[in-house]
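> Sequence below, structure please.
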Amino acid sequence: MKTLTRWLLLAGALLLVAHLYPGVVVKSFTAALVAALVLGLLNTLLRPILVLLTLPVTILSLGLFLFVINALMFWAAAYLLDGLAVAGFGAALIGSLIYSLCGMVIDVIIERLFPSD
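Down below sits the predicted model:
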């Protein structure tokens, strides 16, 4: 139940990103659900590999390069899906920042709704 609730809230967060920033377009709630799933899969499978490969650059930039990796994941999801469109890398960067902030808020809400014993 916790995972399903988080997925639905993250899909809503994608719709919020599209509403707040014109560089990101989500066609429907169904497209947002699929995009949230794809973003989750990309962040689970591909992001750790990219973080490891770019570790020297990340260290030199004092961790700021992680924002670029997040934007690349957001941009890749938009490339793979028809229901999610991103205007360019700058839009992917801003969209991923807003989406990440929403994700942090959602994680706090989920922990309050479903406390771990």
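> longest helix of the protein?
Taking DSSP state H as the criterion, the chain has its longest helix at helix 89-113.
> what's near enough to touch Leu14?
Leu14 makes contact with Val26, Ala32, Ala35, Ala36, Leu39, Leu84, Tyr99, according to Cβ atoms under 8 Å, 6 or more residues apart in numbering. (C-beta placed from N, C-alpha, C; glycine too.)
> ok, so of these, who is nearest Thr54?
For the contacts of Leu14, the residue nearest Thr54 by Cβ to Cβ is Leu39; the value is 19.0 Å.
> How about that closest one, nearest residue that isn't a chain neighbour?
Leaving aside its chain neighbours, Leu39 sits nearest to Ala77 (4.9 Å; criterion: Cβ to Cβ, 6 or more residues apart in numbering).
> Same check on Lys2?
In space, and not counting its chain neighbours, Lys2 is closest to Phe114: 4.5 Å by Cβ to Cβ, 6+ apart.
> On the pLDDT front, check the one you found for me.
With respect to pLDDT, Phe114 scores 87.
> quick one: it and Met1 touch, right?
Yes. Counting by Cβ atoms under 8 Å, Phe114 does reach Met1; the two are 7.1 Å apart.
> Of the two, give the one with the bigger neighbour count.
Legend: neighbour count by other Cβ atoms under 10 Å for Phe114 and Met1, higher for Phe114 (12 against 7).
> Can you list the low-confidence ranges for the chain?
Applying pLDDT under 70 to the chain picks out residues 117.
> Which parts of the chain are strands?
Counting by DSSP state E, the segments of the chain that form strands are 24-26, 84-86.
> Reformat these as CSV; add mean neighbour count and distance to Asp107.
Below are those laid out as CSV (neighbours: other Cβ atoms under 10 Å; distance: least, Cβ to Cβ, whole Å):
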stretch, mean neighbour count, distance to Asp107
strand 24-26, 22, 21
strand 84-86, 22, 22
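> Out of these, which gets nearest to Leu50?
Of all the strands of the chain, strand 84-86 sits nearest to Leu50, with 17.7 Å by Cβ to Cβ.
> Thanks a lot, see you next time.
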